[in-house]
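A.B. asks: sharing a sequence plus its predicted fold:
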Amino acid sequence: MENNRGSWGSNIGFLLAAIGSAVGLGNIWGFPYKMGKSGGFTFLLVYLFLAIFVGLIIMASELALGRKTRKAPIAAYKAVSSKYSWLGWFAVLSPFLIMTFYSVLGGYCIYYIVINLMGLFKGMPDSGSFGAMLTSIPASIGVLVAFMAICFFIVAGGVSGGIEKFNKIGMPALFIMLLIIIVRALTLPHAVEGLKFMFVPGYAVRETEFGQFVQSTPNLITVLGTAGGQMFFSLSLAMGAMITYGSYLGKEENLVKNSGIIVFADTLVALMAGIAVIPAAVANGIAQGKMVGDIKLNGPGLLFSTLQDVFHNMGTIGGVFGVIFYLLVLIAAISSAISLMEVLAAHFIDKAAEQGKTLSRKKVVMIVSVVITVIGALVAADGLGENGISPASLFKLNVKGWNDCWLDFFDCWSEGIMMPLGAMLMAMMIGGEIGPKTMLDEIHNGEHSPFFSKFYRFCITYVVPAVMCLVLAGQLTDFFGDQVVAYIISAVCFIIFSYHTLIPDWKKLGMSGDE
Ligand code: PHE
């Protein structure tokens, strides 16, 4: 029954695909700025702590859940849990919501590759291209369709014949292109100001001759929330992607080692991306006589406006760097998008297999692609709220967080709410219902590592759910701006968690020691 599910050709193929899923827009436009504004090197330490105590644990759990059940998320949760069987729906709905805007952003990269290529012959485009693209609805939808067509062909090609093949070439290529951009960026005058912003604790708020990057730094709780949210998104956790990729993995592969490699590679690329983009953006801004606080250093503005200005100011050769840069961002976007699409495709393929039917992968992927493209077209036509069809203008809604544009709307529900809740519930399921031992048996597959077992039990029962409450609070504050409400909601979650997991766990500990 499982014979048409597919599997990875090799462990390295799997690793590159999983790293491809992790390395995405989050690494390039999210991590560097968050690191700079939230304490530089100190933020990095907090991030690494969370990546090891929470990210690694959830990564290993998701891979194990997939491999144990050999199923996509909905069926996988059903197979191991009775109380939380519905949790798989989170892991399918979130990738769908993310794809509705990720595909649009991927399309923007294609647009920028084209305009930089043309710039080689007709004069380099500047930051004004961003507004022009956002308000040109046919162009935005056109590149969205092109992006989805590329993803369709890769995912329709199968797990090893499409996804693995793409990542085997794409990931090394991305790494080399990133190195080229780093060398160019660091040789620009005043690039060091960007490096100091990223790495030196407190530099972001220091007054220098070039001004001050940010007015104030966030408190530790906010930093934990920001770092945790960033880490989850960046590692592709709580979105079903790692469950699905794990379901194609051989029993003999070492899940702890694999998880460690994915976490390490993703963090390395995030740091490298920061070293490439922040110094370039800062150096260019300073050369133009701007104060550093006025330079847009994150989100779509960084990618499509600030950096295009950098390439513009390099003259014609800027076109070459522009093409290399947007191509590397495009590869990062594709390798993440195909993992999200695979979650959706695998769900339908598995469901049919359960009923004894065989579905054509091509057909399933086609339907998934078309549905995403149709909703994505709304996000593209909205142009980040530029074209008057945002939720706020259509429905006269006034909810901060998701009314500005459709991208924010979908992002808020998926990354802001479903992701932290999904991860917290998953930890409760493992800690409270199925027990860490079941997961550890799969993670270690027969062998035993006493140290990792102890570490895993401790983290999944106590650290993960507690951190997830903070992440939830951080995300809610980020989106809705109301810290008090965010903390009340998170406190309620923590109480439910304690009632559900901690109290029974303490009782058990008191009675029987280790299980
Ligand atoms: N990890 C990707 C990024 O950093 C996004 C992503 C999230 C991809 C969840 C797959 C699943 O951009």
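C.D. replies: Yep, it's here.

A.B. asks: so which bits of the stretch 151-300 of the chain are right by the ligand?
C.D. replies: Near the ligand, the residues belonging to the stretch 151-300 of the chain are Phe233, Ser234, Ser236, Met239, Ala241 when assessed by Cβ under 6 Å from any ligand atom. No exception for glycine: its C-beta is placed from N, CA and C like everyone else's.

A.B. asks: how far is the lengthiest helix in the chain from where the chain is centred?
C.D. replies: Longest helix in the chain, counting residues (DSSP state H): helix 317-354. Mean-position distance between helix 317-354 and its chain equals 12 Å (Cα atoms, centre = their mean, to the nearest Å).

A.B. asks: so for it, mean pLDDT?
C.D. replies: The pLDDT scores in helix 317-354 average 96.

A.B. asks: in it, what's buried?
C.D. replies: 318-351, 353 (16 or more other Cβ atoms under 10 Å).

A.B. asks: what's the answer for stretch 416-433, then?
C.D. replies: Residues 416-432 are the ones in stretch 416-433 that count as buried (16+ other Cβ under 10 Å).

A.B. asks: tell me how far Gly66 lies from the ligand.
C.D. replies: 14 Å (Cβ to the nearest ligand atom, to the nearest Å).

A.B. asks: brain fart, Tyr102
C.D. replies: Tyr102 sits 7 Å away from the ligand, going by Cβ to the nearest ligand atom.

A.B. asks: ok, now which ones touch the closest residue to Ala149 other than its chain neighbours?
C.D. replies: Once flanking residues are discounted, Ala149 sits nearest to Ser369: 7.8 Å by Cβ to Cβ, 6 or more residues apart in numbering. By Cβ atoms under 8 Å, 6 or more residues apart in numbering, the residues touching Ser369 are Met148, Ala149, Cys151, Phe152, Val155, Met341.

A.B. asks: and these, which are buried?
C.D. replies: Met148, Cys151, Phe152, Val155, Met341.

A.B. asks: my guess is the last one meets Phe153, correct?
C.D. replies: No. When contacts are counted by Cβ atoms under 8 Å, Met341 is not listed as touching Phe153 (11.3 Å).

A.B. asks: which parts of the stretch 301-450 of the chain sit against the ligand?
C.D. replies: For the stretch 301-450 of the chain, the residues in contact with the ligand (Cβ under 6 Å from any ligand atom) are Ser336, Ser339, Leu340.

A.B. asks: coming back round to it: buried stuff in the helix or strand harbouring the residue nearest to Ala149?
C.D. replies: Per DSSP states H and E, Ser369 falls inside helix 361-382. For helix 361-382, the neighbour count (16+ other Cβ under 10 Å) marks 361, 364-365, 368-369, 372-373, 375-382 as buried.

A.B. asks: with only the CA atoms kept, save it in CSV.
C.D. replies: The C-alpha trace of helix 361-382 is given here as CSV (Å, rounded to 0.1, in the frame of the first residue of the first chain):
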residue,chain,number,x,y,z
ARG,A,361,1.2,12.3,-8.2
LYS,A,362,1.1,14.7,-11.2
LYS,A,363,-2.6,15.2,-10.9
VAL,A,364,-2.5,15.8,-7.2
VAL,A,365,0.4,18.2,-7.4
MET,A,366,-1.4,20.0,-10.3
ILE,A,367,-4.6,20.5,-8.2
VAL,A,368,-2.5,21.7,-5.2
SER,A,369,-0.6,24.1,-7.4
VAL,A,370,-3.7,25.6,-9.0
VAL,A,371,-5.5,26.1,-5.7
ILE,A,372,-2.4,27.8,-4.2
THR,A,373,-2.0,30.0,-7.3
VAL,A,374,-5.7,31.1,-7.2
ILE,A,375,-5.4,32.3,-3.5
GLY,A,376,-1.9,33.5,-4.2
ALA,A,377,-3.3,35.7,-7.0
LEU,A,378,-5.3,37.6,-4.3
VAL,A,379,-2.1,38.2,-2.3
ALA,A,380,-0.3,39.2,-5.5
ALA,A,381,-3.1,41.5,-6.7
ASP,A,382,-3.1,43.1,-3.2
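
A.B. asks: for the helix or strand just after that helix, list every residue counted as buried.
C.D. replies: Scanning forward in sequence from helix 361-382 by DSSP H and E, the next helix or strand is helix 391-395. Within helix 391-395, the residues that qualify as buried by neighbour count (16+ other Cβ under 10 Å) are Pro391, Ala392.

A.B. asks: and the next helix or strand after helix 391-395, what does it pack onto?
C.D. replies: Where DSSP H and E defines the elements, the next helix or strand beyond helix 391-395 is helix 406-411. Applying 3 or more Cβ pairs under 8 Å, 6 or more residues apart in numbering; DSSP states H and E, one finds that helix 406-411 makes contact with helix 87-122, helix 361-382.

A.B. asks: and with 10 Å instead?
C.D. replies: Judged by 3 or more Cβ pairs under 10 Å, 6 or more residues apart in numbering; DSSP states H and E, the packing partners of helix 406-411 are helix 87-122, helix 361-382, helix 391-395.

A.B. asks: what sits up against it?
C.D. replies: 94, 96-102, 104-105, 233, 299-300, 375-376, 378-385, 389-392, 394, 397, 399-403, 405, 416, 479 (Cβ atoms under 10 Å, 6 or more residues apart in numbering).

A.B. asks: could I get the average pLDDT for it?
C.D. replies: Averaged across helix 406-411, pLDDT comes to 89.

A.B. asks: only C-alpha atoms, please: export that helix in CSV.
C.D. replies: Extracted in CSV, the C-alpha atoms of helix 406-411 (Å, rounded to 0.1, in the frame of the first residue of the first chain):
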residue,chain,number,x,y,z
TRP,A,406,-3.4,39.8,2.6
LEU,A,407,0.1,38.7,3.2
ASP,A,408,-0.1,39.7,6.8
PHE,A,409,-3.5,38.1,7.1
PHE,A,410,-2.2,34.7,6.0
ASP,A,411,1.1,35.0,7.8
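
A.B. asks: in the stretch 51-200 of the chain, which spans are helices?
C.D. replies: 56-69, 73-80, 87-122, 128-135, 137-156, 165-186, 191-199 (DSSP state H, counting those that start in this stretch).

A.B. asks: surely Leu105 meets Leu134?
C.D. replies: No. Using Cβ atoms under 10 Å, Leu105 makes no contact with Leu134, being 11.8 Å away.

A.B. asks: okay, and the common contacts of the two?
C.D. replies: What both Leu105 and Leu134 touch, as defined by Cβ under 10 Å, 6+ apart, is the set Pro300, Phe304, Ala380.
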